[in-house]
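K.L.:
got a sequence here, can you model it:
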Amino acid sequence: MGLGVLTFALVVARLLKLIELVVNHGVGLGEVLSLIGYIMPGFLELSFPMAVLLGVLLGFGRMSGDQELTAARACGIGLHRMALPVLGVAIIGCGLSAWLAFQVRPWANANLREKLYQLTRTRPMAGLKEKVFNRNFAGLVVYVDQISPADSKLQGVVIADNRNPHQQSTIIAQNGLVIPDERQRAITLRLLDGTNFGVNTEDGTTHVTSFGIYDLTINPGESMGSIQHDPQEMSDRELHQTIADGRNSGKRDFVAETELARRWVLPFATPLFALMGVALGLKPARGGQSERFGVSLSLFFFYYILLRSGQSFSEAGKLNAYIAMGIPDFVFLVLGSCLFYRAATDRGDQGRGPGDLLWDLVERFERLRAAA
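P.N.:
Reported below is the predicted structural model:
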């Protein structure tokens, strides 16, 4: 249940964009479902550890609330023995997360790029929005005042063409058409009744040309790029080769090194969250299961902040990739081990839960308001 809810919460922002493709741009439902299938592995890689934490918190919280854990420990069953099945499931989940990171996500990202390429080539209107500066095509910024989805007619078109850095131009046209070229695997923007303002940066000359018809040819492959260019779409072997080539050339590819470290580090979050969930599940929750849900979200948000911070340091070359990406795992390993040790040896305050601080603030606010 947690996996489904959390994955849906992550995907829902993308769903709005995909629904717009169906309603406004005539993209088929089957194509949209395939896009959802390709983006799911990236979200599952994040939501699976979070779902394990939520499940452990809810399960142990229910057992603690029903005094089953108290009865088990009174019979001599320690917390270590009760945690073994949970950690066993978490280790299996770690292997599943590693499979998603090393195999499924790179494959899905590569196919997603290819699918978007095909969608842009066959349905070019899906890549344009009204009254928005569209940057879907490399080197081009396209602004369209009105779009007619029925016949692909454009009104009020402004295009900044910077594909050639030495010959930049701004094109303004009253109307236009989008014409896909299946044979050449390209798109033609046929502009009608407009003006081309050009600048040659080498000699500083400018020119102004009025036209009745102006064809601007775009190759979607130029904007989508090669499947091998993005480290998130590379296999493990390709990543190692890219990293080795960068080091041999003296220009290290920190993005590729960060991606490889991320694939190794992120799966270990599953057993760490499970360990922390066992310790926190023993704590009372005055807010019930909803409070435990909030605690799991807060912990994962904290983990994600540490992960993104480490990624920024790694991609900037300020820290070793494995050290930077391992910061959240190290923090949660220390925190989870301390909490589990205190819970297993009854050294912690079992009368207060992680949400009591918030409840104390609420009660203090209520007292202040009542006194006023």
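K.L.:
who's in contact with stretch 64-78?
P.N.:
Contact with stretch 64-78 is made by Phe60, Met63, Leu79, Met82, Gly281, Leu282, Lys283, Pro284, Ala285, Ala344, as judged by CB atoms under 8 Å, 6 or more residues apart in numbering. Every residue, glycine included, has its C-beta placed from N, CA and C.
K.L.:
mind checking pLDDT for the second one?
P.N.:
What it means is Met63. Residue-level confidence at Met63 comes out at 86, pLDDT.
K.L.:
what's the separation between the closest residue to it other than its chain neighbours and Leu275?
P.N.:
Counting by CB to CB, 6 or more residues apart in numbering, Leu69 is the residue found nearest to Met63 once chain neighbours are left out, at 5.0 Å. When distance is defined by CB to CB, to the nearest Å, Leu69 is 16 Å away from Leu275.
K.L.:
all strands of the stretch 201-350 of the chain, in order?
P.N.:
206-218 (DSSP state E, counting those that start in this stretch).
K.L.:
can you redo the contacts of stretch 64-78 as CSV with distance to Phe211 and neighbour count?
P.N.:
Formatted as CSV, the contacts of stretch 64-78 follow (distance: CB to CB, whole Å; neighbours: other CB atoms under 10 Å):
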residue, distance to Phe211, neighbour count
Phe60, 72, 24
Met63, 75, 17
Leu79, 78, 19
Met82, 77, 18
Gly281, 70, 27
Leu282, 75, 23
Lys283, 72, 24
Pro284, 75, 16
Ala285, 70, 24
Ala344, 78, 18
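K.L.:
helix, strand or coil for Ala138?
P.N.:
What DSSP: H, G, I helix; E, B strand; the rest coil gives for Ala138 is coil.
K.L.:
ok, the one 4 residues further on next?
P.N.:
Three-state call for Val142 (three-state DSSP): strand.
K.L.:
identify the bridge partners of Glu130.
P.N.:
Note on Glu130: beta-bridge partners by DSSP bridges are Val144.
K.L.:
would you confirm that it contacts Val142?
P.N.:
No. When contacts are counted by CB atoms under 8 Å, Glu130 is not listed as touching Val142 (11.1 Å).
K.L.:
out of the two, which sits in the more crowded spot?
P.N.:
Val142 (24 against 14; other CB atoms under 10 Å).
K.L.:
in the longest helix seen in the chain, what counts as buried?
P.N.:
The longest helix of the chain (DSSP state H) is helix 29-65. By 16 or more other CB atoms under 10 Å, the buried positions in helix 29-65 come out as 31-32, 35, 38-58, 60-61, 63-64.
K.L.:
downstream neighbour of it in the secondary structure list?
P.N.:
helix 68-74 (DSSP states H and E).
K.L.:
helix or strand right after that following helix?
P.N.:
From helix 68-74, the next helix or strand downstream (DSSP H and E) is helix 79-99.
K.L.:
which elements pack onto that next one?
P.N.:
helix 29-65, helix 68-74, helix 269-281, helix 327-344 (3 or more CB pairs under 8 Å, 6 or more residues apart in numbering; DSSP states H and E).
K.L.:
now what about it, what contacts it?
P.N.:
Contacts for helix 79-99 (CB under 8 Å, 6+ apart): 45, 48-49, 52, 56, 69, 72-73, 263, 266-271, 273-275, 277-278, 282, 340, 343-344.
K.L.:
could you check how far that helix is from the centre of its chain?
P.N.:
The chain centre lies 25 Å from the centre of helix 79-99; the measure is CA atoms, centre = their mean, to the nearest Å.
K.L.:
of all the residues in it, which ones are buried?
P.N.:
Applying 16+ other CB under 10 Å to helix 79-99 flags Leu79, Met82, Ala83, Val86, Leu87, Val89, Ala90, Gly93, Cys94, Leu96, Ser97, Ala98 as buried.
K.L.:
would you map out the domains in the chain?
P.N.:
2-118+228-371, 139-224 (automatic domain parsing).
K.L.:
most tightly packed of those domains?
P.N.:
Sort these by mean neighbour count, taking mean count of other CB atoms under 10 Å, and domain 2-118+228-371 sits at the top with a mean of 17.
K.L.:
any idea of the pLDDT on Leu18?
P.N.:
pLDDT, Leu18: 68.
K.L.:
so, low pLDDT: which residues of the stretch 1-150 of the chain?
P.N.:
13, 17-27, 116-127, 136, 149-150 (pLDDT under 70).
K.L.:
distance of the residue nearest to Met63 from Leu280?
P.N.:
Taking CB to CB, one finds Leu69 at 13 Å from Leu280.
K.L.:
also Ile187?
P.N.:
Relative to Leu280, Ile187 is positioned 54 Å away (CB to CB).
K.L.:
and what of Gly76?
P.N.:
Gly76 is 23 Å from Leu280, by CB to CB.
K.L.:
work out for me the element Asn111 sits within.
P.N.:
Using DSSP H and E, Asn111 falls in helix 105-122.
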